[in-house]
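>>> Predicted model and sequence follow; I will ask about them next.
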Amino acid sequence: MRISLTADHNGFELKKELLEYITSLGHEAIDLGPYEYDSSDDYPDFAKIISNNVSQKETDRGIMICGSGVGASVAANKIKGTRAAVCHDIYSAHQGVEHDDMNLLCIGSRIIGIEVAKELVKAFIEARYTGEERHSRRLSKVLDMESEFNKEEHLSDLQKRENVLNEEIEELKILNDKKAFQSRALKFSGIGIFIVLFLILITSLLE
């Protein structure tokens with residue numbers, strides 16, 4: 001199984017240990033960063049990276065580590081196709097996969113130590129979605145909610161774009177009206193000058 005891992009600064013050290021542990025279990029552990037410790041980094045940046053990775057099935061499952069695991073799960077679940085949860089007990093770590101098809105485990109480095117983290121990761125990796133009717137029915141409802149949310153968001157974006165385009169069209173109309181006015185003014189100005197010159201010429205001829 002291919003397992004991706006990422007973390008913010010709070011989970012940086014624990015991530016390194018879990019990478020080695022997952023490899024020792026015979027799985028492919030893929031480090032999605034950060035690759036250097038940065039005390040000012042932000043968990044949403046790495047949650048987005050791993051959520052996109054897992055939702056696009058570039059890896060089978062993912063593990064995200066922050067201080068409590070809460071921020072990571074909140075951010076990760078904003079990406080369509082991600083089913084993330086904070087699990088600090090063995091039962092939730094495997095039950096989340098078996099019943100809810102959880103694909104991203106979030107843990108807090110300030111809440112648990114390395115040994116508990118290893119047990120959680122092992123339970124998470126070894127678990128399989130049961131596909132039972134009751135679980136599939138409930139998961140389908142969750143996926144419907146997700147699709148509906150994304151559909152509304154997409155429609156909202158389209159409306160915003162339409163409003164922007166309408167504003168740009170109005171600005172172009174105003175600009176074109178100004179140009180048309182300037183063109184007419186220039187035209188009449190030229191006619192006026194021609195008439196004046198013509199009158200001067202006539203006057204000079206009459207004299």
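Cool, the structure landed. Numbering: from 1, shown residues only.
>>> mind giving me the domain ranges of this protein?
Per automatic domain parsing, the structural domains of the chain span 2-130, 131-207.
>>> Just the mean pLDDT for the shortest one, thanks.
Mean pLDDT, computed over domain 131-207, is 74.
>>> sorry, back to before: and the domains of the chain as CSV, adding mean neighbour count?
The way it works is simple: take the backbone N, C-alpha and C, and place the C-beta from them, glycine included. Formatted as CSV, those follow (neighbours: other C-beta atoms under 10 Å):
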stretch, mean neighbour count
domain 2-130, 19
domain 131-207, 10
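>>> following the helix or strand where Ala75 lies, which helix or strand comes up?
Per DSSP states H and E: Ala75 is located in helix 70-76. Beyond helix 70-76 in the direction of the C-terminus, DSSP H and E gives the next helix or strand as strand 84-86.
>>> and that next one, how far from the chain's centre?
17 Å (C-alpha atoms, centre = their mean, to the nearest Å).
>>> ok, it: who's next to it in the sheet?
strand 104-108 (parallel) (DSSP bridges).
>>> So for the partner strand, mean pLDDT?
For strand 104-108, mean pLDDT is 98.
>>> how distant is that strand from the center of its chain?
19 Å.
>>> hmm, who's touching that strand?
10-11, 14, 50-51, 54, 61-70, 72-73, 76, 82-88, 93, 96, 117, 120-121, 124 (C-beta atoms under 8 Å, 6 or more residues apart in numbering).
>>> same thing but 6 Å
54, 62-65, 67-69, 72-73, 76, 82, 84, 86-87, 117, 124 (C-beta atoms under 6 Å, 6 or more residues apart in numbering).
>>> Ok, stretch 75-91 next?
With C-beta under 6 Å, 6+ apart as the criterion, stretch 75-91 contacts 44, 47, 51, 55, 69-70, 73, 93, 96, 102-106, 111-112, 119-120, 123, 146, 150.
>>> Repeat that for stretch 38-46.
Counting by C-beta under 6 Å, 6+ apart, 6, 8-9, 66, 71-72, 75 sit against stretch 38-46.
>>> first to last residue in that stretch, what's the distance?
12 Å (C-alpha to C-alpha, to the nearest Å).
>>> next one: stretch 24-33
Stretch 24-33 end-to-end distance (C-alpha to C-alpha) = 20 Å.
>>> Off-centre distance for it?
24 Å.
>>> mean confidence score for it?
For stretch 24-33, the per-residue pLDDT averages 97.
>>> I figured Asp8 was touching Cys66, is that so?
Yes: with contact defined as C-beta atoms under 6 Å, Asp8 counts as touching Cys66 (4.8 Å).
>>> contacting residues around stretch 124-132?
Outside of stretch 124-132, the residues within contact range by C-beta under 6 Å, 6+ apart are 93-94, 97-98, 101, 105.
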